[in-house]
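Engineer: predicted model and sequence below, questions to follow.
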Amino acid sequence: MEELLIFFYLYKEAIFIIVLTIFLGFEVISNVPSVLHTPLMSGANAISGVIIIGGIILVGHADTTTLNINLVLGIFAILFGTLNVAGGFVVTDRMLEMFRKKKKK
């Protein structure tokens, strides 16, 4: 328990920034009109692509002999970034399907 308190004390600025970005992101995303949702998803896919590349670099430089934090964070970055990109493309495709002309039978 003492190690956890020391960790929070040492990284209090980084933890504050992460919590602040979570609240800020929630407020920004919840106030986006539906017309801007598709361009916002495209931007999120681009950012997630950068996260995937960063995760690959992090895993590539991590020491694989032991299970360390770099390896775990890199794997999570790759996993969640890939899920976000795939989900974003699925949602964008479904939204664009609504605007396509129907084929006559």
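Structural biologist: Perfect, thanks for sending it. Residues are numbered from 1 along each chain as shown.
Engineer: show me what the lowest-mean-pLDDT helix or strand in the chain is in contact with.
Structural biologist: None of the helices or strands of the chain scores lower by mean pLDDT, DSSP states H and E than helix 37-61, at a mean of 82. Helix 37-61 is contacted by residues 29, 32, 70-71, 73-78, 80-82, 84-85, 88-89, 91-92, 95-96 when judged by C-beta atoms under 8 Å, 6 or more residues apart in numbering. Every C-beta, even on glycine, is put in place using the N, C-alpha and C of the backbone.
Engineer: ok, of the residues you listed, which come out buried?
Structural biologist: Buried members of the contacts of helix 37-61, counted by 16 or more other C-beta atoms under 10 Å: 71, 74, 77-78, 81, 84-85, 88, 92.
Engineer: in helices, which of these appear?
Structural biologist: 71, 74, 77-78, 81, 84-85, 88, 92 (DSSP state H).
Engineer: burial count for residue 39?
Structural biologist: Counted by other C-beta atoms under 10 Å, the residues lying close to residue 39 total 11.
Engineer: any idea how far residue 75 is from it?
Structural biologist: 30 Å (C-beta to C-beta, to the nearest Å).
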